[in-house]
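In: next input, structure requested:
(one chain, ligands or ions: 1)
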Amino acid sequence: MDLHELAVETAEKQATSEAEAFEKAMSCIVPAEFKVNDEIEQAFRAGLTAHKSCDDLRIEQIAAHYGFTSQADMLTEECAEYMVALNKLRRGKPDAYDNIKEEVADVLIVARQLRYLLGYEDIDRIINEKLDRQMRRIADENTD
Ligand SMILES: [Mg+2]
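Out: Numbering: from 1, shown residues only. Here you go, the predicted structure:
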């Protein structure tokens with residue numbers, strides 16, 4: 001049983017209604033002070049009810065432990081660290097090449113957590129649409 005299933009099962013045992021169960025399950029993942037809008041709430045609801053498994057359980061566990069607000073801010077921080085590493089690479093600083101690999105890894109780790117928290121289906125659909133669109137643009141470039 002993974003964290004999503006555990007959160008839902010625990011909430012269902014404690015709740016007297018489906019709405020209350022959802023609120024309790026949400027509180028396991030989203031910090032109470034984070035005010036979700038309808039779109040984000042629906043994404044979490046879909047993730048909790050449909051549940052798709054992650055490619056790495058550690059990503060789910062870390063994301064569920066820290067929650068959306070923390071990890072959304074963390075992605076900003078890691079992107080900033082990547083930008084600093086890129087500038088150091090441009091300036092030819094020692095260890096810059098290894099450092100940029102570290103920062104790309106950090107960005108991907110946190111981005112994968114947000115993909116989990118926001119719902120795989122939507123994020124993967126958007127990724128596929130964007131990749132397909134870019135491949136069409138490349139094909140058009142080659143026919144010009
Ligand atoms: Mg970093």
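In: the biggest helix by length in the chain and the ion in contact?
Out: Ranked by residue count and defined by DSSP state H, the top helix of the chain is helix 57-90. Yes. Contact of helix 57-90 with the ion (CB under 5 Å from the ion) involves Glu78, Glu81. Glycine gets a C-beta too; all of them are placed from N, C-alpha and C.
In: just for the protein, where's the confidence low?
Out: 1-54 (pLDDT under 70).
In: using the three-state scheme, assign Asp55.
Out: coil (DSSP: H, G, I helix; E, B strand; the rest coil).
In: measure how buried it is and give me the count.
Out: Using other CB atoms under 10 Å, Asp55 has 10 neighbouring residues.
In: element containing the residue lying closest to it once chain neighbours are set aside, please.
Out: Distances taken as CB to CB, 6 or more residues apart in numbering put Arg112 closest to Asp55, at 7.9 Å, once the chain neighbours are dropped. Take DSSP states H and E as the rule and Arg112 turns out to sit in helix 96-118.
In: same question for Lys93.
Out: Per DSSP H and E, there is no helix or strand for Lys93.
In: what does the domain assignment say about the chain?
Out: 1-51, 55-144 (automatic domain parsing).
In: for Ile138, see how far away the residue nearest to Asp55 is.
Out: 26 Å (CB to CB, to the nearest Å).
In: which one's more surrounded, the two?
Out: Set Arg112 next to Ile138 and count neighbours by other CB under 10 Å: Arg112 wins out with 20 against 9.
In: who touches the more buried one in this structure?
Out: Residues near Arg112 by CB atoms under 8 Å, 6 or more residues apart in numbering: Asp55, Asp56, Ile59.
In: for Asn87, state which of these is nearest.
Out: In terms of CB to CB, no member of those lies closer to Asn87 than Ile59, at 28.5 Å.
In: isn't that closest one right next to Ile109, touching?
Out: Yes. Using CB atoms under 8 Å as the test, Ile59 is close enough to Ile109 to be in contact (7.4 Å).
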